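# Have a look at this fold, sequence not included:
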């Protein structure tokens, strides 16, 4: 009996041990084996999707992105995810991506996999000349025409040293590198500055210098806080009106100005240094400009504080007389309905297509069954050509004004995707394009409030996307300054003034309550376009 027990007892221990191993292998309670899955299946930073290749993840962020505190959104098949010893939570945890970041994914069975995330910031394509002055006198920069005009006082030398700032990596005249405040040039003839961006794209700015006559004594440009003043009057005393945003304190404002007089203009005997000297604009401020022959002109400056929120509205000038204004062509297919006038210059009427034009007896304009208003082209009878030349010039000035507004309230909002957002009045700036998906966007504010959207690349409005106005906001106070192309998708419903440097394209059934002002062409397809 004892011999049998001596055999059975060890067998019991062996069986118990085998059962224990089986339970551990199957998990608690005898369930399925623990998962060995530990894949990273999706990864993005600030809305920018990363490319997952094996154990590497690459993300290219827009130019100017601060990579020291980015939050990742991700999905993984693992049980947990860590960077070093720090547990990662999708949409919450911040990391510094100055150097590659290694994520460790741990599976349920305790095995691990690592993913290395490398962040690259796009190289800037910016190549603008942003400020320029000679002998302390600011030049007038036309960002569209890429020209800079400077008027120097009577008797000035044409050999001058320029002070400038640019967004490019280098600035040259010919092959000579230009150093702000150091490099001299002879401005007897126009001088071409080549500004090259970080990605190697060059653009040329032509600087023309005029030396004032002995009798010259004009203020040729005037602005406060980036808001251009409106100069008026046929003789001294002249008037300058500047409308500043709601809430601006006027007791100590600094003006930026250029003049053709000798020396600096004066206010109550005090020299006014552009961009430096402050004045109290509670009342009218009188500037005295003195010519080389000692004759003088008076400029009375009045500052008006807007009752509206947001920046001062963009002055469209005579371009605001047209619901569609373009330089190279206006075309339509399908049954389009336009309310307002259409203008085209310098292209002729033959580049207005699809409207079945009916010439008026005066040949000053045409009509169309698709347009509630008139159509004007550069080859029509006077005064149409001159009026259109002025309107095109005003359109380009308005574009430059909108693009040049400084001190934005919001920069790079949504990394360019503003879908689903509600935006209050203000100045918005992107170095990228802007996207509005079918989620739409809402602009909420009063009837006098202003929105300016500075878009460095394209504006893309997806199919069925809608711009909704709330709180009494009006389309006439919304300005979309687009350096690239503006595209309104099929059945999109858009509000505001589009100031595009290239094409404005409206796809089938899209609706625009605003104006389409393009420096190239406007294309329509069974659209409704109504002036605000």
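Received it, and whenever you're ready, just let me know what you need. Since the structure is predicted, the reported quantities are computational estimates derived from the model, not experimental observations.

# going forward, measure contacts between C-alpha atoms and count neighbours the same way
Will do.

# give the contact list for residue 60.
Counting by Cα atoms under 8 Å, 6 or more residues apart in numbering, residue 60 touches 48, 50, 119-122.

# how about these in a markdown table, adding distance to residue 58 and pLDDT?
What follows is those, written out as a markdown table (distance: Cα to Cα, whole Å; pLDDT from 0 to 100):
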| residue | distance to residue 58 | pLDDT |
| --- | --- | --- |
| 48 | 10 | 82 |
| 50 | 5 | 91 |
| 119 | 6 | 93 |
| 120 | 8 | 88 |
| 121 | 11 | 83 |
| 122 | 12 | 76 |
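
# Just the buried ones from the residues you listed?
Applying 16 or more other Cα atoms under 10 Å to the contacts of residue 60, the neighbour count classes 50, 119-120 as buried.

# Looking at those, spot the one nearest residue 312.
Closest to residue 312 out of those is residue 120 (37.1 Å), distances taken as Cα to Cα.

# Report the beta-bridge partner residues of the closest one.
Residue 120 forms beta bridges with residue 60, as assigned by DSSP bridges.

# Spit out the contact partners of it.
Taking Cα under 8 Å, 6+ apart, we find residue 120 in contact with 58-61.

# now it: how far from residue 433?
18 Å (Cα to Cα, to the nearest Å).

# now residue 476
Noted for residue 476: a distance of 22 Å to residue 433, by Cα to Cα.

# which residues of the chain score low on pLDDT?
Residue ranges of the chain with pLDDT under 70: 1-32, 64.

# the helices in it, which residues?
Taking DSSP state H as the criterion, the chain carries its helices at 2-26, 384-404.

# got the contact list for the nearest residue to residue 412 once chain neighbours are set aside?
The shortest distance from residue 412 to any non-neighbouring residue, by Cα to Cα, 6 or more residues apart in numbering, is to residue 430 (4.7 Å). Contacts for residue 430 (Cα under 8 Å, 6+ apart) come out as 411-413, 415-416, 454-456.

# beta partners for residue 430?
With DSSP bridges as the criterion, residue 430 is bridged to residue 455.

# same check, this time on the one 4 residues further on
When bridges are taken as DSSP bridges, the partners of residue 434 come out as residue 459.

# likewise residue 332?
Counting by DSSP bridges, residue 332 forms beta bridges with residue 524.

# quick one: it and residue 524 touch, right?
Yes. Residue 332 is within contact range of residue 524, at 4.4 Å (criterion: Cα atoms under 8 Å).

# Verify the contact between residue 390 and residue 318 for me.
Yes. Judged on Cα under 8 Å, residue 390 makes contact with residue 318 at a distance of 7.1 Å.

# How about the contacts made by residue 272?
264-266.

# Just among those, which is most surrounded?
Within those, neighbour counts (other Cα atoms under 10 Å) peak at residue 265, which reaches 29 neighbours.

# So what pairs up with the nearest residue to that one once chain neighbours are set aside in the strands?
Ranked by Cα to Cα, 6+ apart and with sequence neighbours excluded, the top spatial neighbour of residue 265 is residue 289, at 4.7 Å. Note on residue 289: beta-bridge partners residue 297, judged by DSSP bridges.

# Distance of residue 289 relative to residue 226?
22 Å.

# Distance check, residue 173 against residue 164.
13 Å.

# before we move on, what about residue 527?
Counting by Cα to Cα, the separation of residue 527 from residue 164 is 45 Å.

# before we move on, back to that, the residue nearest to residue 265: how many residues sit nearby?
24.

# Equivalent analysis for residue 144, please.
14.

# And for residue 294?
13.

# contacting residues around it?
Contacts of residue 294 by Cα under 8 Å, 6+ apart: none found.

# Could you pull up phi and psi at it?
phi 80, psi 0 (degrees, to the nearest 10).

# ok, it to residue 216 distance?
10 Å.

# so which of the contacts of residue 272 comes closest to residue 204?
residue 264 (30.2 Å).

# list the contacts for the closest one?
271-273, 289.

# run the last query once more with 6 Å
For residue 264, the contact set (Cα atoms under 6 Å, 6 or more residues apart in numbering) comprises 271-272.

# give me the number of residues near the spatially closest residue to residue 401 that is not a sequence neighbour?
Spatial nearest neighbour of residue 401, excluding adjacent residues (Cα to Cα, 6+ apart): residue 314 at 6.9 Å. A count of neighbours around residue 314, defined by other Cα under 10 Å, yields 23.

# List the beta-bridge partners for residue 352.
Going by DSSP bridges, residue 352 forms beta bridges with residue 330.

# and residue 61, how far is that from residue 412?
12 Å.

# coming back round to it: most neighbours, which of the contacts of residue 430?
Of those, with other Cα under 10 Å as the count, residue 454 tops at 27 neighbours.

# How many residues are close by the nearest residue to it once chain neighbours are set aside?
Once flanking residues are discounted, residue 454 sits nearest to residue 429: 4.6 Å by Cα to Cα, 6+ apart. Using other Cα under 10 Å, residue 429 is surrounded by 24 other residues.

# Correct me if wrong: residue 429 contacts residue 456.
No. The pair residue 429 and residue 456 does not pass the contact test of Cα atoms under 6 Å, sitting 8.1 Å apart.

# rewinding a little: quick check, nearest of the contacts of residue 272 to residue 188?
residue 264 (23.1 Å).

# separation between that closest one and residue 213?
In terms of Cα to Cα, residue 264 sits 16 Å off from residue 213.

# Kindly report the same for residue 293.
With Cα to Cα as the criterion, residue 293 and residue 213 are 9 Å apart.

# go on, residue 330?
44 Å.

# More neighbours: which of those two?
Applying other Cα under 10 Å to residue 330 and residue 213 shows that residue 330 carries more neighbours, namely 26 against 17.

# Could you verify my assumption that that one touches residue 524?
No. Contact criterion Cα under 6 Å: residue 330 and residue 524 do not qualify, at 7.9 Å.

# List the contacts of residue 352.
Residue 352 neighbours (Cα under 6 Å, 6+ apart): 329-331.

# which residues touch residue 297?
236, 288-289.

# 10 Å - rerun?
Residues in contact with residue 297, defined by Cα atoms under 10 Å, 6 or more residues apart in numbering, are 216-219, 235-238, 261, 265, 287-291.

# now do residue 265
So, once contact is read as Cα under 10 Å, 6+ apart, residue 265 ends up touching 217-219, 257-259, 271-274, 286-291, 296-299.

# Next one: it from residue 58, what distance?
From residue 265 to residue 58 the distance is 56 Å (Cα to Cα).
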